[in-house]
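Novice: Sequence first, then the predicted structure:
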Amino acid sequence: MTASRIPAASRIPAATLACVAALALVGGCSSSGSGDSGRSTTQAAPAAASDLQDDYQKVIKDVLPSVVQIDASEGLGSGVVYDDKGHIVTNAHVVGKEKRFKVTTATGEQTLSADLVASYPEQDLAVIKLSDVPDGLKAAEFGDSAKAEVGQIVLAMGSPLGLSSSVTQGIVSATGRTVSEGRSGGGTGATIANMVQTSAAINPGNSGGALVDLDGKVIGIPTLAASDPQMGDSAAPGIGFAIPSSMVKTVADQIVRSGKVTDSGRAALGITGRTVLGDDYRPAGVAVVEAPEGG
């Protein structure tokens, strides 16, 4: 299927965010005017729900410090600290064609400079490196995406709409999805196999962040959101896709080691192609637009 890249979040004025926060506070303090105004009661959460909440909070406390916000001139995205040397993995479409970035840690207390190490658009992955590595920088732990199971609870961490250190919850909806990135001018971009489909909310700015299981391990990098042609190609709620951690590690390890990807683990035809749609408007094949000389 074809899905849309999660676009980089546009700049959001501070005043706008302040208003959002104020509205949230007003809404949280408002009362419907019904019931006993003189007394409030609470019920203890069932033990299972309480245990699950504890699991959520522990995972967030452990992993969120390893998720950063990446600012580029045309927008922002997210990234995951890959090692204690300051390497950060993110999406290629987050870094674009830029070479230098501002990185904000999860606490928001530090804004650091980073440079591009290499970008690999074929799998929509890139690695950047901090110019100065702060004390206590914590690398995320990457799990085995091959062990992800449908129904498994996951958390998406990143900076949707510039709201850093945000966490949304969902499940693994499917595994092994092959998804092609849509392009604004038509056609498709990278085709990525074995993606993890999730119901966790993924919005502009989430790209390059972390999809985390309840063991606190990153099993994917949120990258794409399904689009609905009947809704003007707007994002279809609850259908997002993450690059599997196995591919992330394969690509990032090579970039960290040699500054480039030498083995993607898949065959390449070397052609330029576009997706051909069938009568049902689903991808039915590939038309060769251009082939290399002698190919």
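Specialist: In hand now; what should we look at?
Novice: Report the central residue of the protein.
Specialist: Taking Cα atoms, centre = their mean, the centroid of the chain lies closest to Pro222, which sits 2.5 Å from it.
Novice: Surely that one and Val212 touch.
Specialist: No. With contact taken as Cβ atoms under 8 Å, Pro222 and Val212 are classed as non-touching, separated by 10.4 Å. No exception for glycine: its C-beta is placed from N, CA and C like everyone else's.
Novice: So for these two, which residues contact both of them?
Specialist: In the contact map built from Cβ atoms under 8 Å, 6 or more residues apart in numbering, the residues linked to both Pro222 and Val212 are Ala156.
Novice: Could you pull out the strands in the stretch 151-295 of the chain for me?
Specialist: Per DSSP state E, counting those that start in this stretch, the stretch 151-295 of the chain carries strands over the ranges 153-158, 166-182, 188-198, 210-213, 218-228, 234-244, 272-277, 283-290.
Novice: Would you mind putting these into TSV with mean pLDDT and distance to Gly143 alongside?
Specialist: TSV is the format used below for those (pLDDT from 0 to 100; distance: least, Cβ to Cβ, whole Å):
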stretch	mean pLDDT	distance to Gly143
strand 153-158	98	11
strand 166-182	92	12
strand 188-198	88	11
strand 210-213	98	6
strand 218-228	91	5
strand 234-244	88	10
strand 272-277	65	32
strand 283-290	72	30
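Novice: Of these, give the one that comes closest to Asp62.
Specialist: Nearest to Asp62 among the strands of the stretch 151-295 of the chain is strand 210-213 (9.1 Å), distances taken as Cβ to Cβ.
Novice: Please report the separation between the first and final residues of stretch 139-148.
Specialist: Chord length of stretch 139-148, first to last residue, is 21 Å (Cα to Cα, to the nearest Å).
Novice: I meant stretch 81-100, not that one.
Specialist: Terminal residues of stretch 81-100 lie 17 Å apart, using Cα to Cα.
Novice: if we can go back for a sec, beta partners of the residue nearest to the centre of the chain?
Specialist: On DSSP bridges, the residues paired with Pro222 through beta bridges are Ala242.
Novice: give the contact list for it.
Specialist: Contacts for Pro222 were tallied using Cβ under 8 Å, 6+ apart; they are 6, 78, 156, 158, 198, 200, 202, 206-211, 240-242.
Novice: How about Ser245?
Specialist: Under the criterion of Cβ under 8 Å, 6+ apart, the contact list for Ser245 reads Phe142, Gly143, Asp144, Ser145, Lys217, Val218, Ile219, Gly220, Ile221.
Novice: Give me the buried subset of these.
Specialist: Phe142, Gly143, Ser145, Lys217, Val218, Ile219, Gly220, Ile221 (16 or more other Cβ atoms under 10 Å).
Novice: between those residues, which is nearest Gly151?
Specialist: Using Cβ to Cβ, Ile219 comes nearest to Gly151 of those, at 13.8 Å.
Novice: From what I see, that closest one and Val154 are in contact.
Specialist: Yes. Under the criterion of Cβ under 8 Å, Ile219 is in contact with Val154, at a separation of 7.0 Å.
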